[in-house]
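Asker: got a sequence here, can you build the structure:
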Amino acid sequence: MKRRLLFFLCWISAFGWLSGQNLEQTLAFAREQSRAGNTQLALKTYQRVLFFSGDAHRDECHSQLAALHAATGEFERAAFYYDLMYQSAGADSLRYEALFHKTAALMLQHQPQKALLELLSLPKNLPEPWSSRKQLYLGAAHFAARAFDQARLDLLPLFGPESSPEKAEFEQLFRKAERVAKKSPKTARLLSMFFPGAGQFYAGDIKNGLNSLLLNALLGYWFVATGLNYSFIDAGATVTPWLFRYYGGGIRRAGEILETKKEERLRKIFQKVLLTIEPER
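Answerer: Below is the predicted model of the structure:
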């Protein structure tokens, strides 16, 4: 047993010495793979460097691992590494950068409330450009949470004191966002209940609205034709299951379509809001 333990300790020591000799080469290889777009290989290599390098390349590894996970859509893992970077970074600039990136990852996970908690943990009197960046991120998080009044207050300081066409457009876009957000899935479902396709039209989805209207009209025609040619008992047995399936499905999908369309429209509106702010900055 003692011999095995001694062998294991010697192996670990030798492996650590060898990895130390090749650490810079491994890091260079990780950078090369990242630049080449070989994401998975770059991830594994940066993890290896992080494991063996201790504090030597810690900030770079945390930053690169977070960015690579974000590039593959793994925003939860990206937020995890940005959090590690925030906790271990020695300079305030690195800590702020990590927190803003973590906030962005949280918003990409549709977690604006958690993003707001992170942003509010920042000092109140941040130097520029961090102060303006904080206002921008607060506005984005409040907008995503559909707290439009607060988002407007967050973003207004990014404009100059003078009036401008961009500022007027900014105000108009926020009024449009409020109108879009007021549309109710319940209303969409009720409209589709009384008139198939109406809920989809209300949501702004003309294609699915027409599909629902035509399909239900054809099923209705099939029900009546079957009832007249045979009997309404036969019509009920053959057509009704299909009618309720597509009629009920149309009612349910109307609410889902509305929520999807709202998210798409609000995202496009906020992109336009950013364009009104950019000339002022």
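
Asker: give me the element Leu84 is part of.
Answerer: helix 75-88 (DSSP states H and E).

Asker: ignore the last one, Ile269
Answerer: helix 240-277.

Asker: now do Arg175
Answerer: Using DSSP H and E, Arg175 falls in helix 165-182.

Asker: one step back: distance from the helix holding Leu84 to the middle of the chain?
Answerer: Averaging C-alpha positions (Cα atoms, centre = their mean, to the nearest Å) puts helix 75-88 16 Å from its chain's average.

Asker: low-confidence stretches in the stretch 51-200 of the chain?
Answerer: Within the stretch 51-200 of the chain, the ranges that satisfy pLDDT under 70 run 163.

Asker: which parts of it are helices?
Answerer: For the stretch 51-200 of the chain, the helices defined by DSSP state H, counting those that start in this stretch cover 58-71, 75-88, 92-108, 112-120, 130-144, 148-155, 165-182, 185-194, 198-203.

Asker: any idea how far Gly220 is from Tyr230?
Answerer: 16 Å (Cβ to Cβ, to the nearest Å). For every residue, glycine as well, the C-beta is placed using N, CA and C.

Asker: give the buried residues for the helix holding Leu84.
Answerer: By neighbour count on 16 or more other Cβ atoms under 10 Å, the buried set for helix 75-88 is 75, 77-86.

Asker: can you list contacts of that helix?
Answerer: Residues from elsewhere that reach helix 75-88 (Cβ atoms under 8 Å, 6 or more residues apart in numbering): 55, 58-59, 62-63, 65-67, 69-70, 94-95, 98-99, 101-102, 105-106, 108-109.

Asker: which ones are touching the closest residue to Gly199 other than its chain neighbours?
Answerer: Once flanking residues are discounted, Gly199 sits nearest to Ala254: 2.8 Å by Cβ to Cβ, 6 or more residues apart in numbering. Contacts here follow Cβ under 8 Å, 6+ apart; on that basis Ala254 touches 185, 188-189, 191-192, 199-200, 202-203.

Asker: which one of these sits closest to Leu275?
Answerer: Nearest to Leu275 among those, counting by Cβ to Cβ, is Ala203 at 25.6 Å.
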